[in-house]
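1. everything below, folded, please.
(one chain, ligands or ions: 1)
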Amino acid sequence: MKILVTGGTGYIGSHTVVELQNKGFEVVIVDNLSNSSAEIVDHIEEITGVRPVLEVFDLVDREKTADFFKRHHDIAGLIHFAAFKAVGESVEKPLKYYRNNLVALMNILESMRENKIKNIVFSSSCTVYGQPDELPVSENAPIKKAESPYGNTKQISEEIMQDTIKTADIHGIALRYFNPIGAHPSALIGELPIGVPNNLVPFITQTAIGLRDQLSVFGNDYPTPDGTPIRDYIHVVDLAKAHVVAIDRMVNQKMKKDFEVFNLGTGNGYSVLEVIKAFEKVSGLKLNYKIVGRREGDVIQVWADPGYSNKELGWKAELGLEEMVDSAWKWEQAYRGKTVKP
Ligand code: UFG
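-> Next comes the predicted model:
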């Protein structure tokens, strides 16, 4: 069964391709390589023994997208990861984000309709909940006004999908990710942000390997037990496996509605300082960090109620925080070709 993975050379995409291939799916990747590299396909092949097909083009290009789908009209379903994801950059360059994230989705949906392709899984985000009024946050929590154009593209994308699904023979699942971290246990694929990392864990591992001088902890005066913000960190391999379950649910017609939404989190919240402590424990290193002022737009605390996903998908995140940061650290060292001993 052939599955299209857009953004399949990216961080979550590449881990998902591995899990799909492990389950016997045939994968075609479309990626414009704007934030990833074609070599990832070699690494996927090394892990799984199977080389996925990679087509390099931009899904914002309507004609190229239409041509691709004509040639691959036998796709059973697709997982749409390809999108820009830097919150800060989206504030600086909103049109870049709206054009890329929304036009690509519209082109894909149009081509799905034209070629009678029924199933789409979409990469959404817990950012749609903003700072939830109740914790843990379930799928029924209200959608809050987005904090950034990036977050807004996720909200609008879910709406575009819902509206389209009402009028076409298309089924959709939006997966709302909490904070994906970690890397594949082979240490052959992981998170490789271009330039200075925005996210916590890549910043920690790059500091420990010597690429960054010091981690800035953005505020310790939040109303949380240790004063630092709390997130639901989830291992990227657990997250990837949920996509395979979602695809299986669609192609085997187990969906309860034409458009479904699931939270992908562990249900556990950890503070920034707890993540640092977990890193120090698994690495045996002392991390150079400093408390600085708050970062604009950060929510205080958010963690998932994964109950509905656990029950409906029969999926559960298995890996704990230490396994997450340990795998991220092993990958960072393998990628840099350097071992850092305590
Ligand atoms: N943090 C630091 N120092 C850093 C980086 C992060 O202290 O150098 C803190 C942040 O303040 C936050 C926590 O670490 O409290 C997690 O920050 P991340 O940037 O790793 O993750 P976010 O929760 O901010 O972002 C995630 C996703 C986004 C998504 C966003 C929605 O990465 O794609 O949630 O809130 F949009």
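
2. from now on I want contacts and neighbour counts done on CA atoms only, so please keep to that.
-> Noted.

3. same for the helix or strand encompassing Gln333, what does it pack against?
-> According to DSSP states H and E, Gln333 maps onto helix 321-336. Counting by 3 or more C-alpha pairs under 8 Å, 6 or more residues apart in numbering; DSSP states H and E, the packing neighbours recorded for helix 321-336 are strand 179-181, helix 200-209, strand 233-235, helix 272-283.

4. for the ones you listed, which one ends up most surrounded?
-> Ranked by mean neighbour count, those are led by strand 233-235 with a mean of 26 (mean count of other C-alpha atoms under 10 Å).

5. sheet partners, orientation included, of the helix or strand hosting Ile79?
-> When secondary structure is defined by DSSP H and E, Ile79 falls within strand 77-80. When pairs are called by DSSP bridges, strand 77-80 turns out to pair with strand 2-6 (parallel), strand 119-125 (parallel).

6. between the ones you listed, which one is nearest to the ligand?
-> Among the strands paired with strand 77-80, the nearest to the ligand by C-alpha to the nearest ligand atom is strand 119-125 (6.4 Å).

7. put the alpha carbons of that closest one into PDB.
-> The C-alpha coordinates for strand 119-125 follow below in PDB (Å, rounded to 0.1, in the frame of the first residue of the first chain):
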ATOM      1  CA  ASN A 119      -7.200   9.900   3.200                       C
ATOM      2  CA  ILE A 120      -5.100  12.600   4.700                       C
ATOM      3  CA  VAL A 121      -3.400  12.900   8.000                       C
ATOM      4  CA  PHE A 122      -2.400  16.400   9.000                       C
ATOM      5  CA  SER A 123       0.300  17.600  11.300                       C
ATOM      6  CA  SER A 124      -1.400  19.900  13.800                       C
ATOM      7  CA  SER A 125      -0.200  21.300  17.100                       C
END
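
8. which residues touch it?
-> Contacts with strand 119-125, where a contact means C-alpha atoms under 8 Å, 6 or more residues apart in numbering, come from 76-81, 151, 154-155, 158, 170-178, 243, 246-247, 250-251.

9. coming back round to it: buried ones in the helix holding Gln333?
-> By neighbour count, with 16 or more other C-alpha atoms under 10 Å as the criterion, the buried positions of helix 321-336 are 321-333.

10. wait, does that helix contact the ligand?
-> No - where contact is defined by C-alpha under 6 Å from any ligand atom, no part of helix 321-336 touches the ligand; the two come within 12.4 Å at best.
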